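Chemist: using only what follows, build the 3D model:
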Amino acid sequence: MLTGAIEVYANHAVVIVGSTAWPEVDFGGGSAGADDRHVAIRTRGQAAHTRVSIWQNTMPLVGHLVFDGELDLDDYTICVGDIERIGRWTQRIDQTGVQQVIVRVDDPGNASRVKCRPGDQRRRRRAGASNERGSGTFQSSHLRAGKHRPAERARSCA
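Modeler: The predicted structure is shown next:
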């Protein structure tokens with residue numbers, strides 16, 4: 001679900017998405033770079049505005065994936081701004097702390113549309129745990145037995 005959007009006019013063709021504290025590191029010359037709290041995305045710069053959309057829970061899988069990693073976002077807030085610190089926009093989010101963040105752009109290195117989804121908090125997975133649907137013991141045993149079909153379920157209940 002789309003929870004916020006802003007159009008950023010970036011004089012130096014870099015938009016920062018992440019924590020409210022501004023970064024003090026050099027992100028290099030790629031289409032995107034990151035530290036533990038921010039993602040720097042190379043945009044069109046002075047050519048036109050860059051639209052940054054913040055999504056919650058689900059996000060369209062449109063564009064190129066430029067960042068899929070963990071960021072430490074404080075105070076239930078995500079911040080979007082230009083590298084010169086002239087314009088800045090913040091939005092409240094559901095979680096605080098280290099969480100998975102996905103960033104997609106329409107044109108890597110020359111982005112005009114950026115989609116960002118802060119998401120699940122980092123969770124340590126148990127050894128041998130699966131991320132696939134139906135991996136639980138109850139669901140797996142019912143699927144193997146064919147009890148996911150309505151006719152089979154009716155016969156097993158009778």
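
Chemist: tell me the SS of residue 94?
Modeler: Three-state assignment for residue 94 (DSSP: H, G, I helix; E, B strand; the rest coil): coil.

Chemist: do I have it right that it meets residue 73?
Modeler: No - with contact defined as Cβ atoms under 8 Å, residue 94 does not count as touching residue 73 (10.5 Å). Quick note: C-beta positions are derived from backbone N, CA and C, even for glycine.

Chemist: between the two, who's got more neighbours?
Modeler: Set side by side, residue 94 and residue 73 show more neighbours around residue 73, with 23 against 12, by other Cβ atoms under 10 Å.

Chemist: next one: phi and psi at that one?
Modeler: Phi and psi for residue 73, reported as degrees, to the nearest 10, are phi -110, psi 120.

Chemist: contact partners for it?
Modeler: Residue 73 sits next to 18-19, 37, 93, 95-97, 99, 101, 118 when contact means Cβ atoms under 8 Å, 6 or more residues apart in numbering.

Chemist: what do you get if the cut-off is 7 Å, keeping everything else the same?
Modeler: Contact analysis of residue 73 by Cβ atoms under 7 Å, 6 or more residues apart in numbering lists 18-19, 93, 96, 99, 118.

Chemist: if it is in a bridge, with which residues?
Modeler: As for beta bridges, residue 73 partners with residue 97 under DSSP bridges.

Chemist: pLDDT wise, what is it at?
Modeler: On the pLDDT scale, residue 73 is placed at 91.

Chemist: can I get the buried part of the contacts of residue 73 as one PyMOL selection?
Modeler: Command for PyMOL that selects the buried part of the contacts of residue 73, burial taken from 16 or more other Cβ atoms under 10 Å:
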select buried, resi 18+19+93+99+118
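
Chemist: which one of the contacts of residue 73 is nearest residue 3?
Modeler: Nearest to residue 3 among those is residue 93, at 8.0 Å by Cβ to Cβ.

Chemist: now do the buried residues in stretch 15-33.
Modeler: So stretch 15-33, judged by 16+ other Cβ under 10 Å, has buried residues 15-19, 23, 27, 31-33.

Chemist: who are the contact partners of residue 50?
Modeler: The contact partners of residue 50, by Cβ under 7 Å, 6+ apart, come to 7-8, 10, 15, 43-44, 111-112, 114.

Chemist: tell me which of these has the lowest pLDDT.
Modeler: Across those, the bottom pLDDT score, 81, is held by residue 10.

Chemist: dump the residue contacts of the residue lying closest to it once chain neighbours are set aside.
Modeler: Leaving aside its chain neighbours, residue 10 sits nearest to residue 82 (4.3 Å; criterion: Cβ to Cβ, 6 or more residues apart in numbering). For residue 82, the contacting residues are 8, 10-11, 15, by Cβ under 7 Å, 6+ apart.
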